[in-house]
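> Make a model of this:
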Amino acid sequence: MQIAVLLVHVLIAIALVVLVLLQQGKGAEAGAAFGGGSSQTVFGSRGSGGFLSKLTGGLAALFFVTSLGLAYFATNAGSAPQSGIPDAQVIEQQHNGAPTLDDGDQSGNNAAPALEEGGDQESSNP
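Now for the predicted structure:
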């Protein structure tokens, strides 16, 4: 159910962005004086302003409802999901059972092996 609400929420958000970008600003009426205003008769005599404004308001209300629904799902989640960041107890249990690099050789000899200087034919001078 939560995934369906999230999907609807994202689709409404995209539709809101598109609708806001489609609407004309307050200064757009000056362009209609030069012949651009007659092409908006599909939405009625007032143009697309009233229709798009009502549609934007309705989608904004649905956006708020889906936001509240997602907040409800987030607060009433009974347990953490199986995927994601595990609890601190799980990490501690995994850490206690897994060997680390320090668990190997305890001799304390951390020096790198030295090159031997004798018997090597390439290092002798002719």
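
> Check the average confidence over the helix or strand hosting Val18, would you?
Assigned by DSSP states H and E, Val18 belongs to helix 2-22. Throughout helix 2-22, pLDDT has a mean value of 93.

> and what of stretch 55-75?
Mean predicted lDDT for stretch 55-75 stands at 93.

> So which residues make contact with stretch 7-19?
Here stretch 7-19 makes contact (C-beta atoms under 8 Å, 6 or more residues apart in numbering) with Leu52, Leu55, Thr56, Leu59, Ala60, Leu62, Phe63, Thr66, Ser67, Gly69, Leu70. Backbone N, C-alpha and C define where each C-beta goes, glycine included.

> By neighbour count, sort out the buried ones in the residues you listed.
Buried members of the contacts of stretch 7-19, scored by 16 or more other C-beta atoms under 10 Å, are Leu52, Leu55, Thr56, Leu59, Leu62, Phe63, Thr66, Gly69.

> and the last one, what does it touch?
Read that as Gly69. So Gly69 contacts Val5, His9 (C-beta under 8 Å, 6+ apart).

> Helix, strand, or coil at Glu116?
coil (DSSP: H, G, I helix; E, B strand; the rest coil).

> Which neighbouring residues are in contact with it, exactly?
Per C-beta under 8 Å, 6+ apart, neighbours of Glu116: none.

> residue boundaries of the strands in this protein?
With DSSP state E as the criterion, the chain has no strands.

> can you map out the helices along it?
For the chain, the helices defined by DSSP state H cover 2-22, 29-31, 49-75, 88-97.

> May I see those helices organised as CSV, with distance to Glu117 added?
Converted to CSV, these look like this (distance: least, C-beta to C-beta, whole Å):
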stretch, distance to Glu117
helix 2-22, 69
helix 29-31, 90
helix 49-75, 69
helix 88-97, 44
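
> Tell me how many other residues crowd Leu6.
For Leu6, the count of nearby residues is 14 (other C-beta atoms under 10 Å).

> so who does the spatially closest residue to it that is not a sequence neighbour touch?
Spatial nearest neighbour of Leu6, chain neighbours left out: Leu70 (6.4 Å); criterion: C-beta to C-beta, 6 or more residues apart in numbering. Residues near Leu70 by C-beta under 8 Å, 6+ apart: Gln2, Val5, Leu6, His9.
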